[in-house]
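Peer 1: here's a sequence, model it:
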Amino acid sequence: MQGDAGCLLPLFSDAVQNMDAFKKIAGAHGLALAPNDGSSAAGVSVELVRVSTGESVGSNETDEDGFYTIPYKHTGKRAMYTVILGGAYGLEQDIQHKGNGWAEVNFDVFAGTSTGEFNLDLSAGGSGHGGGPKGGKAR
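Peer 2: Numbering: from 1, shown residues only. Alright, predicted model coming up:
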């Protein structure tokens, strides 16, 4: 088989590509699920609030599978935020952001709890994971 430049190309080949797609994730994302029957909390509002000002910096709704994403790019020093699952659930989870960090917050709406994990600084190239299992607060 010949390519455009007239060189011979193998019939089958493998290629590896790195798009650094995960380095561009910033904000908060996660899942709201009712583990007792595996159903999702679809169409529920989720909000990201900066604790120091009480300002809502982003919001979204869970999709039909209970997943949500709130894009937000924090700049400056490390700061505390709260991810709030609204509707009838009224759950919230405190997280920290620094630089272009992200946070994953998952809500167990049946048990009324949440877990959070956050990356403090993607721009530094380190993992910087923090957080971990934590009971969510009822609102």
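Peer 1: direction included, what does the helix or strand harbouring G30 pair against?
Peer 2: Element membership for G30, per DSSP states H and E: strand 27-34. Using DSSP bridges, strand 27-34 pairs in its sheet with strand 39-40 (antiparallel), strand 67-71 (antiparallel), strand 102-108 (parallel).
Peer 1: what pairs with the helix or strand just after the longest one, parallel or antiparallel?
Peer 2: Reading on from strand 102-108 to the C-terminus, the next helix or strand found by DSSP H and E is strand 113-119. Here strand 113-119 has these sheet partners by DSSP bridges: strand 102-108 (antiparallel), strand 129-134 (antiparallel).
Peer 1: out of the helices and strands in the protein, which is least certain?
Peer 2: None of the helices or strands of the chain scores lower by mean pLDDT, DSSP states H and E than strand 129-134, at a mean of 40.
Peer 1: hey, which of the strands paired with strand 27-34 is tucked in deepest?
Peer 2: The highest mean neighbour count among the strands paired with strand 27-34, using mean count of other C-beta atoms under 10 Å, belongs to strand 102-108: a mean of 24. C-beta coordinates here come from the backbone N, C-alpha and C atoms, glycine included.
Peer 1: I'm done for today, thanks for sticking with me.
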